[in-house]
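Visitor: what's the 3D shape of this:
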Amino acid sequence: MPLALTTGHEVGLALVAGTFIAFAFLSAIIIPRWRPEFPGHRLGWFVVATLVLFVATLAAVEVFAKEPKEAKAGEATRETPGMTIPKKAPPAPPKGDAAAGQAVFSSNGCGSCHTLSAAGSNGAIGPNLDQVLKGKDAAFVRESIVDPNKKIATGFQPNIMPKNFGTTLSAKQLDDLVAFLLKG
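Guide: So this is what the prediction gives:
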């Protein structure tokens with residue numbers, strides 16, 4: 001954890017934590033040897049000081065050890081000194097032929113279950129592909145075709161979509177279908 005903090009945050013966290021540790025050490029070991037009756041009639045002040053230092057340590061952790069917020073898509077990221085934020089590469093475009101993928105979509109009866117405006121279909125047994133594929137990448141779409149039960153769209157049950165498209169469609173047909181679905 002300390003490796004991810006900036007120097008200023010490390011120093012601030014160390015000062016607050018060090019103060020609390022020093023107070024605990026002094027009040028538990030040093031002062032009782034010098035004054036055995038400690039804290040005695042000053043118990044109230046001792047409890048207050050302990051609570052203040054405890055809360056200060058918790059607050060310091062919240063303030064100084066807070067992880068940076070992740071930038072949303074399209075937002076600029078702010079780097080702190082000594083911190084490198086990896087840049088995400090844009091997703092690779094699908095490698096198939098979208099026009100050929102439309103034929104795969106039609107010939108396998110996908111439109112009888114799914115709505116997809118690019119195919120002119122309005123099936124309601126499966127999810128509306130115009131909605132559920134927004135923002136998805138080629139890997140997600142391909143996985144949804146060959147392993148349809150891995151992630152089930154909200155409001156739908158597993159085992160509705162056939163699980164054999166990974167074996168009945170060739171790799172090229174899958175690539176074409178994915179390209180068509182992402183274009184749609």
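Visitor: which residues touch the longest helix along the chain?
Guide: For the chain, the helix that runs over the most residues, judged by DSSP state H, is helix 43-64. Residues outside helix 43-64 that contact it (C-beta atoms under 8 Å, 6 or more residues apart in numbering): 5, 9-10, 12-13, 16-17, 19-20, 23, 27, 39. For every residue, glycine as well, the C-beta is placed using N, CA and C.
Visitor: same thing with stretch 15-24?
Guide: The set of residues that contact stretch 15-24 without belonging to it, under C-beta under 8 Å, 6+ apart, is 49-50, 53-54, 56-57, 60, 64.
Visitor: swap in stretch 114-123?
Guide: Around stretch 114-123, the neighbours that count as contacts under C-beta under 8 Å, 6+ apart are 102, 105-106, 110-113, 124-130, 180-181, 183-184.
Visitor: where's it relative to the chain centroid, distance-wise?
Guide: 31 Å (C-alpha atoms, centre = their mean, to the nearest Å).
Visitor: Stretch 141-149 too?
Guide: Stretch 141-149 sits 21 Å away from the centroid of its parent chain (C-alpha atoms, centre = their mean).
Visitor: circling back to that earlier point, among the contacts of stretch 15-24, the buried ones, what's the ChimeraX command?
Guide: Here is the ChimeraX selection string for the buried members of the contacts of stretch 15-24, based on 16 or more other C-beta atoms under 10 Å:
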select :53,57,60,64
